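**Q** generate a structure from the sequence data that follows.
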Amino acid sequence: MPSTDTPAAISARTSGPVAAAQDLAQLIKDQREALGKGPDLPAALADALVQAGLTQLWLPRALGGAETDPLEFVRVIETLAKLDGSVAWSALISSAASRFAGLTAVEPMRRLLPSGKMHAFSGSGNPTGTITRDEEGWRIDGRWTWASFSRHSTVTALVCVEQENGSPRLAANGGPVMRAALLPSAMVQVMGNWNSGGLRSSGSHDITCTGVRVPDDYTTTMDMPSRQQGPLYSLPMSSAFAIAIIGLPLGIAAAAIDALIALARTKTAFFSTAPLYEQEHVQLEVAWAKTRLLAARAFAFEAVGALWASASSGQTPSVEQQALLRMACCNAGDVGKQVVSRMYAAAGSSAVLEEAPFAAQLRDIHAACQHINFAERMMVPPGRILLGLAPGTAVL
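**A** Coordinates of the predicted model:
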């Protein structure tokens, strides 16, 4: 019987996830019109992403996953982001959520995630819902926003506030106790309300749970007492998500530079006799953009690599390493926005046309960089550390 595997799925097995991401290029191009409409990835593209293993990059090996090296993870997302922002966003959100399967015990996760299948994840780390002890399990209630890839996911990961006697249960530090839960996505209601200019096909709908019951061993407190072996699952949660998202602005910015170079070879602007590539201001813009992007990329890979080297050697990443990763992530977002905006401006009137990539890149980079990982205030703790002060926050 002939194989029905997509080229991306074959590449994932034989050449690795970066090659699998590259092999989606033609399918993404073929789905360009649908991607421009949203609100979800086209079914054929979503399925290809799943079957290539690009939605479970951080699933544990004990569950049939790849436990992808963080540096390789960044390259995968960067590669996808060069092709389309929503596709890259869906892959990074799903794969980052797949890491939750390594933060609890193996056996219950084998029940939830049967072997021999490729899995897709969605969910939210923003604890806007509650979880309440219910006999031997837990009851989940609430509404969460930005549940990307929710219509294509099979497993949902949610961070909830524990309730006790109708009120949040408090930890020793006075804050609410958080508990993460994994559950079949069929138990979650997708509200279908995603309506955004940027990342418009990421399917980042609100989701709700009303009295949804899950077994105790599908949940874990945030100190992850039953987490699985391996450095990937010992990384601080905030550092892991910074790693997951850092490649997105780098990839979108690289695509914007490539798009302007391609346009410059063929376009002659109004009131000009020379094509764009012969005009000095365009030459300066391209050189400026490439310089800034390569510098931001080098910083990103250096910060991720140093932190991963510590984790791989059994050491807890230092506060300074976590601060540098935070700085590199914010810098990648800032540089990405600057590069895409300037490529858009340099393209002139051609940039506003939907058949050109510039408008979508501009929308996507600004939508993505509204994420908390790119917020300017996230640079305050690293600044405090550089000045010899305590971070001033429990989450770096």
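
**Q** residue 132: what's it in contact with?
**A** If a contact means Cβ atoms under 8 Å, 6 or more residues apart in numbering, then residue 132 has 138, 139, 141, 162, 163, 164 as its contacts. Every C-beta, even on glycine, is put in place using the N, C-alpha and C of the backbone.

**Q** swap in 6 Å and give it another go.
**A** 139, 163 (Cβ atoms under 6 Å, 6 or more residues apart in numbering).

**Q** next one: residue 159
**A** Contacts for residue 159 were tallied using Cβ under 6 Å, 6+ apart; they are 125, 127, 178, 180.

**Q** do that again at 7 Å, thanks
**A** Taking Cβ atoms under 7 Å, 6 or more residues apart in numbering as the definition of contact, the neighbours of residue 159 are 124, 125, 126, 127, 178, 180.

**Q** among those residues, name the buried ones.
**A** 124, 125, 127, 178, 180 (16 or more other Cβ atoms under 10 Å).

**Q** and the furthest pair within these?
**A** Distances among the buried ones among the contacts of residue 159 were taken as Cβ to Cβ; the most separated pair is 124 and 178, at 12.2 Å.

**Q** quick one on the thing from earlier: closest one of the contacts of residue 159 to residue 291?
**A** residue 125 (34.4 Å).

**Q** pLDDT wise, what is the closest residue in space to that closest one that isn't next to it in sequence at?
**A** Closest residue in space to residue 125, ignoring its immediate chain neighbours: residue 159 at 4.9 Å, by Cβ to Cβ, 6 or more residues apart in numbering. If you check residue 159, the pLDDT there is 97.

**Q** can you check residue 174 too?
**A** Residue 174 is assigned a pLDDT of 88 by the prediction.

**Q** surely it is in a strand?
**A** No - the assignment for residue 174 (DSSP: H, G, I helix; E, B strand; the rest coil) gives coil, which keeps it out of a strand.

**Q** would you indicate which residues of the helix or strand bottoming out on mean pLDDT in the chain are buried?
**A** Counting by mean pLDDT, DSSP states H and E, the chain has its least confident helix or strand at helix 7-14, which shows a mean of 73. By neighbour count, and taking 16+ other Cβ under 10 Å as the criterion, the buried residues in helix 7-14 are 7, 8, 9, 10, 11, 12.

**Q** distance from that helix to the middle of the chain?
**A** Here helix 7-14 shows a centroid-to-chain-centroid distance of 21 Å under the convention Cα atoms, centre = their mean, to the nearest Å.

**Q** which parts of the chain are strands?
**A** With strands called from DSSP state E, the chain shows them at 121-134, 137-147, 155-164, 167-168, 178-184, 189-190, 205-215, 219-221.

**Q** nearest to residue 291, out of those?
**A** With Cβ to Cβ as the criterion, residue 291 lies closest to strand 137-147 of those, at 33.1 Å.

**Q** the closest one pairs with which strands?
**A** Strand 137-147 sits in its sheet next to strand 121-134 (antiparallel), strand 205-215 (antiparallel), going by DSSP bridges.

**Q** and the ones you listed: which comes nearest residue 77?
**A** Ranking those by their distance to residue 77 (criterion: Cβ to Cβ) puts strand 121-134 first, at 14.8 Å.

**Q** and the angle from that closest one to strand 155-164?
**A** In terms of direction (axes from the mean of the first three to the mean of the last three Cα atoms, to 10 degrees), strand 121-134 departs from strand 155-164 by 30 degrees.

**Q** let's have the buried residues of helix 7-14 in a markdown table, adding distance to residue 354.
**A** Conversion of the buried residues of helix 7-14 to a markdown table gives the following (distance: Cβ to Cβ, whole Å):
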| residue | distance to residue 354 |
| --- | --- |
| 7 | 28 |
| 8 | 26 |
| 9 | 31 |
| 10 | 33 |
| 11 | 30 |
| 12 | 32 |
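
**Q** max pairwise distance over the residues you listed: which two?
**A** Between all members of the buried residues of helix 7-14, the longest pairwise span (Cβ to Cβ) is found for 7 and 12 and amounts to 9.7 Å.

**Q** am I right that residue 203 is in contact with residue 40?
**A** Yes - applying Cβ atoms under 7 Å as the test, residue 203 and residue 40 come out as touching, 3.8 Å apart.

**Q** any shared contact partners between those two?
**A** Going by Cβ under 7 Å, 6+ apart, residues that sit against residue 203 and also against residue 40 are 151, 152.
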